[in-house]
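Novice: One predicted model, sequence on top.
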Amino acid sequence: MEAQNILKPEGKILIFSDFREREVSNYLENLGAKINIDSLQMGDFVCSEDVCVERKTYSDFASSITDGRIFSQAKLLSENFKRPVLVIEGNTQNSEISENSLRATIASLIVDFGISILSTKNPLDTAKMIYWIAKREQTELKKPVAVKFGKKPKEMKRLKEEILASFPGVSTVLSKRILEKFENIENFVKSSENEIVKVKGVRTKLAKQLKKILTERY
């Protein structure tokens, strides 16, 4: 994956922030950081060439455990940054997921993916933590800020599989079969029910449902 080193303003902490993280970005600016808003392909805040922070509210963290999304995100972070960080924001004392599921996931993120886990109270608390991580990296350790562009071919392939697997009734195995038959998502979208049902494991009912999702007006 290609990385581009960015020159930061003299005397300023430079942090790249995903465009969806406006609230935390505003707090970071109030703390004195220079924020560069972008559409980041992994993580939510890039603090240096080594450190990328993924921020999740507890609710989002719980849902990402349920649908398995957290592990694909963790793999991508760990493959591209030496020190990936996950910030879990908000109260974790609720019943969205079991305590065993929560602890097992956190253990896997730490042991299997080398991700540091931090807990914060609210967006301001999150911003303070990110600011001091970036300050440590850039001011004391003199690390440059680098943003990575593009996806590895295998990651792009997996992304396509995950997009199709998000359709109801479509498993990861079935998404691979669909891509093998149609070669890309565009061909699948343009295909007919008769063509879709030829994919091994796709019955007429599922083919009709998929075609309805793809073509029905919003």
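Specialist: Right, received. Where do you want to start?
Novice: Which parts of the chain are strands?
Specialist: 2-6, 14-18, 34-38, 45-46, 51-57, 83-89, 116-120, 145-149 (DSSP state E).
Novice: K128 versus N122, what's the distance?
Specialist: 10 Å (CB to CB, to the nearest Å). For every residue, glycine as well, the C-beta is placed using N, CA and C.
Novice: same deal with T139?
Specialist: For T139, the distance to K128 - CB to CB - is 16 Å.
Novice: Same check on L214?
Specialist: 45 Å.
Novice: Of these two, which one has the most company?
Specialist: K128 (16 against 13; other CB atoms under 10 Å).
Novice: thought that one was touching A33?
Specialist: No: the criterion here is CB atoms under 8 Å, and K128 misses it with A33 at 10.7 Å.
Novice: low-scoring stretches of this structure, by residue?
Specialist: 1-10, 92-96, 148-155, 218 (pLDDT under 70).
Novice: ok, which stretches of it are helices?
Specialist: All helices of the chain, identified by DSSP state H, fall at 22-30, 58-66, 69-80, 99-111, 123-135, 153-165, 172-182, 185-190, 193-196, 204-215.
Novice: how about the residue nearest to L164 when sequence neighbours are not counted, what does it touch?
Specialist: Nearest residue to L164 in three dimensions, chain neighbours excluded: S175, at 3.6 Å (CB to CB, 6 or more residues apart in numbering). Neighbouring residues of S175 by CB atoms under 8 Å, 6 or more residues apart in numbering: K160, E161, E162, I163, L164, A165.
Novice: Neighbour-wise, give me the winner out of the residues you listed.
Specialist: L164 (20 neighbours).
Novice: measure that residue to D67 for me?
Specialist: L164 is 14 Å from D67, by CB to CB.
Novice: Excluding chain neighbours, what is closest to V197?
Specialist: Going by CB to CB, 6+ apart, V197 has A207 as its nearest residue, at 4.3 Å.
Novice: quick one: the residue lying closest to E49 once chain neighbours are set aside and E161, what's the gap?
Specialist: Distances taken as CB to CB, 6+ apart place A146 nearest to E49, at 3.7 Å, with adjacent residues excluded. Per CB to CB, A146 is found 28 Å from E161.
Novice: now do K176
Specialist: From K176 over to E161 (counting by CB to CB), the distance is 6 Å.
Novice: likewise K190?
Specialist: 19 Å.
Novice: any idea which residue sits dead centre in the protein?
Specialist: Per CA atoms, centre = their mean, the C-alpha nearest to the average position across the chain is that of Q73, at 4.6 Å.
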